[in-house]
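>>> I'll drop the sequence and a predicted model, then ask my questions.
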Amino acid sequence: MKKLLIIAFLFLAFIGCDKDSLNKPLSDILYVRSNGNSMPAYIYGNGKEKVFMLLLHGGPGGNGIEYRDGLYAELLEKEFAVIYWDQRGQGMAQGKPKKDDLNIELMAQDIETLITVIRNKYGNDSKIFLYGHSWGGTLGSAFIVNKERQKLVSGWIESNGAHDLPFLNRESVKLFITIGNEQIAKNHSVTEWTDIVKWAKGIDTNNITSEISGELNAKAFEVEDLLGNDGELAGSKPSEKLYFYSPINSITNFITGNKTNALLNDEIEKTSFTSQISNITKPCLFMTSKFDFVVPPALAIDAYNRKTGTNKELKIFQFSGHSPMNGEAELYANTIIQFIKKYN
């Protein structure tokens with residue numbers, strides 16, 4: 001791949017960052033220009049210690065600010081500053097998604113550009129912890145397995161992260177069968193789970209096409225409803241209040257996000273960073289959930305085992321699906337807070 005020239009422009013109401021501004025709760029918006037795209041980063045929280053959590057949202061097709069919802073976000077922002085960033089081709093990022101300038105490596109370079117902007121704004125002594133949920137785990141892994149890029153951050157937090165799609169699909173099939181049989185034994189939604197187990201057993205795990213991968217993903221969200229109805233999951237879905245008080249245009253987000261998802265799909269389906277996890281020397285927190293069929297817990301467990309050194313942690317949430325920040329918000333936030341404080 002040709003070496004790309006990355007130019008970042010910082011469009012702000014003010015350029016400087018004095019100590020008094022950091023002593024107050026942060027509420028900033030930065031616009032980062034990188035390889036033909038302009039991407040907003042919304043920064044909220046406690047900037048006093050100059051510790052930032054750079055959030056890589058899910059999707060592809062999501063946006064950063066949708067993660068600023070609920071108790072977990074409130075707890076995190078009391079301790080640190082959280083950067084809710086819209087990735088290229090998503091949210092309110094400016095720049096029409098095109099196949100020629102949309103790939104995982106280029107988006108990993110966008111992260112590097114954003115970190116440069118953050119340090120220019122808040123100081124070179126700023127400490128940045130990278131966090132990725134779901135697809136954000138794919139993108140974050142692309143960044144962090146690079147030995148030079150990982151020097152830019154203080155740690156890596158992967159939550160229910162899809163860093164290996166082929167492995168993910170195989171484990172998803174296994175989980176449908178295992179959990180399905182457990183639920184049938186508990187007399188939970190027996191008819192539905194019987195059909196699901198039969199369907200999963202019919203999938204050839206050595207030949208999972210992109211169509212089957214899509215079916216697995218869709219079914220994963222369906223079974224969360226079953227598990228919730230049968231009392232296996234804690235908490236609730238996001239409040240959706242941000243849809244009414246958000247800078248995100250939902251129509252723009254939907255259209256560009258879906259296009260970006262489609263353009264990246266072929267690459268994502270083949271992507272695996274599993275063999276490169278041993279490259280990571282920075283502290284790592286791998287988080288997953290017992291009932292996550294979207295990204296099964298086997299991925300986090302395997303990543304934890306492959307990560308060398310002792311500066312690693314694994315947390316499995318016992319009463320959650322794909323988004324434990326909703327179901328077990330306080331425990332989720334405190335797990336992140338304790339990790340960042342430990343390695344800050």
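Received it, and whenever you're ready, just let me know what you need.

>>> how long is stretch 289-306 from one end to the other?
With Cα to Cα, to the nearest Å as the measure, the ends of stretch 289-306 fall 19 Å from one another.

>>> what pLDDT, on average, does it get?
Predicted confidence along stretch 289-306 averages 98 (mean pLDDT).

>>> quick one: it to chain centroid distance?
Relative to its chain's centre, stretch 289-306 lies at 14 Å (Cα atoms, centre = their mean, to the nearest Å).

>>> quick one: the residue lying closest to residue 57 once chain neighbours are set aside and residue 222, what's the gap?
For residue 57, the nearest residue in space outside its immediate sequence neighbours is residue 64; the separation is 5.0 Å by Cβ to Cβ, 6 or more residues apart in numbering. Where you see a C-beta, it was placed from the backbone N, CA and C, and this is true even at glycine. The spacing between residue 64 and residue 222, counted by Cβ to Cβ, to the nearest Å, is 27 Å.

>>> Those two: who's more crowded?
Set side by side, residue 64 and residue 222 give different neighbour counts by other Cβ atoms under 10 Å, the larger being at residue 64 (26 against 11).

>>> Would you list the phi and psi of that one?
Phi and psi for residue 64, reported as degrees, to the nearest 10, are phi -70, psi -40.

>>> Could you tell me the per-residue confidence at it?
What the model reports as pLDDT for residue 64 is 97.

>>> show me what contacts residue 108?
Neighbouring residues of residue 108 by Cβ atoms under 8 Å, 6 or more residues apart in numbering: 139, 142, 143, 146, 149.

>>> What are the buried residues along stretch 303-315?
Neighbour counts over stretch 303-315 (16 or more other Cβ atoms under 10 Å) mark 303, 304, 307, 312, 313, 314, 315 as buried.

>>> Quick check: the fifth one is in a helix.
In this case it means residue 313. No. Counting by DSSP: H, G, I helix; E, B strand; the rest coil, residue 313 is not part of a helix but strand.

>>> contacting residues for it?
For residue 313, the contacting residues are 284, 285, 286, 304, 339, by Cβ under 8 Å, 6+ apart.

>>> repeat that with 10 Å
Residues counted as contacts of residue 313 (Cβ atoms under 10 Å, 6 or more residues apart in numbering) are 155, 157, 283-287, 304, 307, 335, 338-339, 342-343.

>>> And the first one, by the same measure?
Going by Cβ under 10 Å, 6+ apart, residue 303 touches 137, 141, 156, 158, 161, 163-164, 273-274, 277, 280, 284, 286, 288, 312, 314.
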